[in-house]
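Asker: When you get a sec, could you give me coordinates for this:
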Amino acid sequence: MSKKYYTSIFISCLLLLTSTSNVEAKSRKDNSQLSSPNSKKTIKNSKKKNTYTYKTVQRINNSKVSTATSKVKFNFTLDLSVPKIAANQAHTLGYTGKDTYVAIIDSGIEAAHPFFQNRVALEACFADTCPNGQSSMIGSGAARPVHWHGTHVAGIIAGKNNSFSGVAPDAKIIAINVFDPLNGAYDGNIIAALNWVASLSSQYNIASVNMSLGGSAIFKSTCDDYIPQMTQAIKNLKDKNIATVVASGNSYAVGMSAPACISYAVSVAATSTWTDKVTEFSNISQYTTLSAPGLTINSSKLMGSYGSSSGTSMASPHVAGAFAVYRSKFGIQSVDKVVQDFQSTSVSALDSYSGIYSKRIDFTKLFTGQDPVTTTTSTTSTTAPSTTTTLPVTTTTVPVTTTTIVTPSPTTTTTIPTVTTTTVVTTSFIAAPSINRIVKSGTSWYGITLRYYTYNGNAPYSINIYCYSPSSSVAHQTSFRYNGGTLLNYEFTTNNDIASCNATAVNSQGHTSAYSRTEDIQK
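Answerer: Numbering: from 1, shown residues only. Purely as a prediction, here's the structure:
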């Protein structure tokens, strides 16, 4: 029997980092050629508590990685992030990923979501139980979602509506579900999905495959021998000029989770959407290929809705979409050539804990010939949220855990002077949301149903949620954009024990409502 490669979806989106500037991309192919860091360095203590591991730089272990012999458990990275990487400049020039395909190996996709506009071209399922009751299915409905994660990832890659878009808004989607309803996937199913994509390569112009998934084990070096069949499947795709883009993981660690640590993969770490810094929760190593925004990324969710998530799961699809946009201008190139171009035109993003610089993808120089504009602290000091210690450590989509993001982005502040004289009186009375119920499933998944009714037509800018442990300390908090409607749903995973939650609403001027009544969890 084959090993089971049990995988949970990276939620927020997951994050993966690029290699440091002194490590050449070609050196990632041969583990024996990889150099160790110049010195052993312990990072200063962070404010995080009870995390999986602190980001401590250690000498890279270049010994051969052993093949896994037992079941390995894995866990689940726009409207601001697309301009952050200058993808909107490529769109203006007509490079939108048209006539290309991106395969998404995830939890399935809500194909009818208006964000995709009938661009889900193919569907497949390789899982313990597919919609047809068997372990594989190809055709319409095969990628029916078992979780919102895949829909969110797909929106980052190729979503499009009248308000904002993903990185490659005209690319077509090949949707593949490899997860069961309990958010578990197995190595054999993932390998089957990768091989199925390879079988399509002669018929479809596939630029990349996105896998926002990975395990809890942290690898300090490459891990090609860990699951050899998966390594071979990713190499086969690379030989066909198809990049397999993988999230690095959210374990606050120096190193990467599998399969991001496979040398043939394009690994991606997460950076802030506001500044060029690697997020606290993102895994990073000198072997990480690229980085991209992964903090508070707004994209599609289930039932036609939209919502924000954070994690390397949200960073990885930025890069997968970038491969499609690149191909729409430069045609089919080798994966190494595209990576080299992305790295040479990137923006340096510092991980404060390890001192490692990642290469944050940026389209400016590739598509306009101009140098990218780096973000200064003066323009981000009031808008950049800080990550906290409440992020789950076993997922790659990290629930947003900050309340500071309720401040509108700089592009919205230009309208404030014209409206404050007429709305300042009523906006002080922003209504509070109400929580209908909080439910728990399994050991770490929670769902919250809220209702929101506007007061005198004043809709909030965002909703804040605070969840408490049995000892009444804050165990999880988040803030997400309010996009309309009365019934709101929020899902998150955490290893912390949750007993109750309440919520507030915040308008675009920063006024906060009263707290909703605290509701206890229903198990």
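Asker: can you map out the helices along the stretch 201-350 of the chain?
Answerer: For the stretch 201-350 of the chain, applying DSSP state H, counting those that start in this stretch gives helices covering 228-239, 312-330, 335-344.
Asker: cool, the chain as well?
Answerer: Assigned by DSSP state H, the helices in the chain fall at 81-84, 87-92, 149-158, 187-199, 228-239, 312-330, 335-344, 364-368, 377-380, 416-427.
Asker: Need the ones you listed in a markdown table (columns: mean pLDDT, mean neighbour count and distance to S263).
Answerer: All C-beta atoms are positioned from the backbone trio N, CA, C, and that covers glycine. A markdown table is the format used below for the helices of the chain (pLDDT from 0 to 100; neighbours: other C-beta atoms under 10 Å; distance: least, C-beta to C-beta, whole Å):
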| stretch | mean pLDDT | mean neighbour count | distance to S263 |
| --- | --- | --- | --- |
| helix 81-84 | 88 | 23 | 27 |
| helix 87-92 | 90 | 20 | 27 |
| helix 149-158 | 96 | 33 | 23 |
| helix 187-199 | 95 | 22 | 15 |
| helix 228-239 | 97 | 19 | 8 |
| helix 312-330 | 96 | 31 | 17 |
| helix 335-344 | 96 | 18 | 12 |
| helix 364-368 | 87 | 18 | 25 |
| helix 377-380 | 31 | 11 | 35 |
| helix 416-427 | 30 | 11 | 50 |
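Asker: pLDDT weak spots in this structure?
Answerer: Scanning the chain for pLDDT under 70 picks out the ranges 1-66, 68-78, 371-429, 455-457, 523.
Asker: Got the domain ranges for it?
Answerer: 5-331+350-359, 404-520 (automatic domain parsing).
Asker: would you list these in TSV and tack on distance to L366?
Answerer: Formatted as TSV, the domains of the chain follow (distance: least, C-beta to C-beta, whole Å):
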stretch	distance to L366
domain 5-331+350-359	7
domain 404-520	23
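Asker: As a markdown table, the helices of the stretch 201-350 of the chain with distance to I356 would be great.
Answerer: Listed next are those as a markdown table, based on distance: least, C-beta to C-beta, whole Å:
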| stretch | distance to I356 |
| --- | --- |
| helix 228-239 | 24 |
| helix 312-330 | 15 |
| helix 335-344 | 14 |
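Asker: between these, which gets nearest to S165?
Answerer: Of all the helices of the stretch 201-350 of the chain, helix 312-330 sits nearest to S165, with 9.9 Å by C-beta to C-beta.
Asker: My guess is I176 contacts A103. True?
Answerer: Yes. Counting by C-beta atoms under 8 Å, I176 touches A103, with 6.3 Å between them.
Asker: so what sits against both of those two?
Answerer: Residues touching both I176 and A103 (C-beta atoms under 8 Å, 6 or more residues apart in numbering) are V197.
Asker: wait, which of the helices of the stretch 201-350 of the chain is closest to N189?
Answerer: helix 228-239 (10.9 Å).
Asker: Pick the most buried one from the domains of the chain.
Answerer: domain 5-331+350-359 (a mean of 24; mean count of other C-beta atoms under 10 Å).
Asker: next one: stretch 334-346 to chain centre, how far?
Answerer: 21 Å (C-alpha atoms, centre = their mean, to the nearest Å).
Asker: Could you number the chain from 31 rather than 1 from now on?
Answerer: Will do, 31 is the new start, and the previous item becomes stretch 364-376.
Asker: As CSV, the helices of the chain with distance to L380 would be great.
Answerer: Output for those, formatted as CSV (distance: least, C-beta to C-beta, whole Å):
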stretch, distance to L380
helix 111-114, 16
helix 117-122, 22
helix 179-188, 23
helix 217-229, 32
helix 258-269, 29
helix 342-360, 16
helix 365-374, 16
helix 394-398, 19
helix 407-410, 13
helix 446-457, 32
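Asker: Which of those sits closest to F194?
Answerer: The closest of those to F194 is helix 111-114. By C-beta to C-beta, the value is 7.0 Å.
Asker: Who are the packing partners of the closest one?
Answerer: strand 320-323 (3 or more C-beta pairs under 8 Å, 6 or more residues apart in numbering; DSSP states H and E).
Asker: Alpha carbons of the strand it packs on, in PDB - could you do that?
Answerer: Provided in PDB are the C-alpha atoms of strand 320-323 (Å, rounded to 0.1, in the frame of the first residue of the first chain):
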ATOM      1  CA  LEU A 320       9.600  33.700  -4.200                       C
ATOM      2  CA  SER A 321       7.300  35.500  -1.900                       C
ATOM      3  CA  ALA A 322       4.000  37.400  -2.400                       C
ATOM      4  CA  PRO A 323       1.300  39.100  -0.400                       C
END
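Asker: And the contacts of that strand?
Answerer: Contacts of strand 320-323 (C-beta under 8 Å, 6+ apart): 45-48, 110-111, 114-115, 296-303, 308, 312, 314, 344-346, 348-349, 352, 369, 372-373, 376, 379, 388-391.
Asker: try 7 Å this time
Answerer: For strand 320-323, the external contacting residues (C-beta atoms under 7 Å, 6 or more residues apart in numbering) are 46-48, 111, 114-115, 296, 298-301, 303, 308, 345, 348-349, 372-373, 379, 388-391.
Asker: Ok, which of the helices of the chain comes nearest F249?
Answerer: When the helices of the chain are compared by C-beta to C-beta, helix 258-269 sits nearest F249, at 12.5 Å.
Asker: tilt between the closest one and helix 365-374?
Answerer: Orientation check (axes from the mean of the first three to the mean of the last three C-alpha atoms, to 10 degrees): helix 258-269 against helix 365-374 gives 80 degrees.
Asker: Which other helices and strands does helix 258-269 contact?
Answerer: On a contact count with 3 or more C-beta pairs under 7 Å, 6 or more residues apart in numbering; DSSP states H and E, helix 258-269 meets helix 217-229.
Asker: just checking, what packs against the helix it packs on?
Answerer: Where contact means 3+ C-beta pairs under 7 Å, 6+ apart, helix 217-229 is packed against strand 131-136, strand 150-156, strand 236-241, helix 258-269.
Asker: how does it look with 10 Å?
Answerer: Using 3 or more C-beta pairs under 10 Å, 6 or more residues apart in numbering; DSSP states H and E as the contact test, the elements touching helix 217-229 are strand 35-36, strand 102-105, strand 131-136, strand 150-156, strand 166-168, strand 202-207, strand 236-241, helix 258-269.
Asker: Specify the beta-bridge partners of the residue nearest to K307 when sequence neighbours are not counted.
Answerer: In space, and not counting its chain neighbours, K307 is closest to L380: 5.7 Å by C-beta to C-beta, 6 or more residues apart in numbering. Note on L380: beta-bridge partners by DSSP bridges are K307, Y387.
Asker: cool, and G244?
Answerer: Here G244, judged by DSSP bridges, has bridge partners S38, N105.
Asker: Kindly provide the distance from it to S287.
Answerer: Going from G244 to S287 by C-beta to C-beta, to the nearest Å gives 4 Å.
Asker: about what we covered before: what about the helices of the stretch 231-380 of the chain, which gets the closest to S137?
Answerer: helix 342-360 (10.5 Å).
Asker: and the direction of the closest one versus that of helix 365-374, what angle?
Answerer: Using the same axes, to 10 degrees: helix 342-360 against helix 365-374 is 110 degrees.
Asker: hmm, back to that, generate JSON lines for the helices and strands packed on helix 217-229, with distance to S358 as supplementary columns.
Answerer: As requested, those are exported to JSON lines (distance: least, C-beta to C-beta, whole Å):
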{"stretch": "strand 35-36", "distance to S358": "33"}
{"stretch": "strand 102-105", "distance to S358": "32"}
{"stretch": "strand 131-136", "distance to S358": "12"}
{"stretch": "strand 150-156", "distance to S358": "16"}
{"stretch": "strand 166-168", "distance to S358": "27"}
{"stretch": "strand 202-207", "distance to S358": "12"}
{"stretch": "strand 236-241", "distance to S358": "9"}
{"stretch": "helix 258-269", "distance to S358": "19"}
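Asker: between these, which one is nearest to H177?
Answerer: strand 131-136 (8.3 Å).
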